[in-house]
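Participant: below are the sequence and a predicted model; questions follow.
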Amino acid sequence: MRKNGVNRELVPVDGGVCAPAGFSANGVYCGISQKTTIVSRETETTKIREDLALIVAEKRVPTACVCASGQMTGAPVRVTKKHLRSGYARAAIVNSGIANVFSENGEELAENICAALAKRAKISADEVAIASTGEMGKPLPFEPIE
């Protein structure tokens with residue numbers, strides 16, 4: 001507990017990100033990250049970790065983003081900052097496995113991903129936040145995300 005009485009500890013919420021009414025979310029494996037092989041005593045199995053997450057709200061909701069403070073910001077950060085100028089969003093899409101940070105076409109790719117999501121969700125691309133994390137230096141493919 002902080003001095004001002006505000007509890008800043010993270011506490012899991014039943015229902016996760018979908019606990020508030022009007023939110024939907026899902027995670028899928030689309031081939032961006034490597035499949036992880038887990039070896040057990042009995043069998044060798046391949047565990048597939050989701051590498052793409054989507055959160056969609058039924059209505060525009062107040063939205064903020066927290067970004068690392070570096071001299072250079074990556075494409076998803078620049079696109080998200082531009083899209084969140086209004087302070088509202090309807091969707092967030094996050095990939096893991098490859099960071100679309102400093103690719104030559106990174107900003108164009110981030111905008112195209114937002115536009116593809118917006119088209120399917122029937123919302124404005126300016127209402128989509130995007131984040132990308134993972135290995136740097138590899139190109140992020142558009143097709144599996146689309």
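Facilitator: Happy to help now that I have it.
Participant: which of the three states applies to the residue nearest to the spatial centre of the chain?
Facilitator: Residue closest to the average C-alpha location in the chain (CA atoms, centre = their mean): V94, at 1.7 Å. When classified by DSSP: H, G, I helix; E, B strand; the rest coil, V94 comes out as strand.
Participant: quick one: it from R120, how far?
Facilitator: Relative to R120, V94 is positioned 16 Å away (criterion: CB to CB, to the nearest Å). Yep, even glycine has a C-beta here, placed from its N, CA and C like the rest.
Participant: same question, G87
Facilitator: Counting by CB to CB, the gap from G87 to R120 is 24 Å.
Participant: what do you get for R60?
Facilitator: Taking CB to CB as the measure, R60 falls 17 Å from R120.
Participant: helices along the protein, start to end?
Facilitator: The residue ranges that make up the helices of the chain, judged by DSSP state H, are 75-83, 106-121.
Participant: so which of those helices is the most surrounded?
Facilitator: Compared across the helices of the chain, helix 75-83 shows the largest average neighbour count, a mean of 20 (mean count of other CB atoms under 10 Å).
Participant: who's in contact with that one?
Facilitator: The contact list for helix 75-83 (CB atoms under 8 Å, 6 or more residues apart in numbering) reads 65, 67, 73, 89, 100-103, 106-107, 109-111, 114, 125-132.
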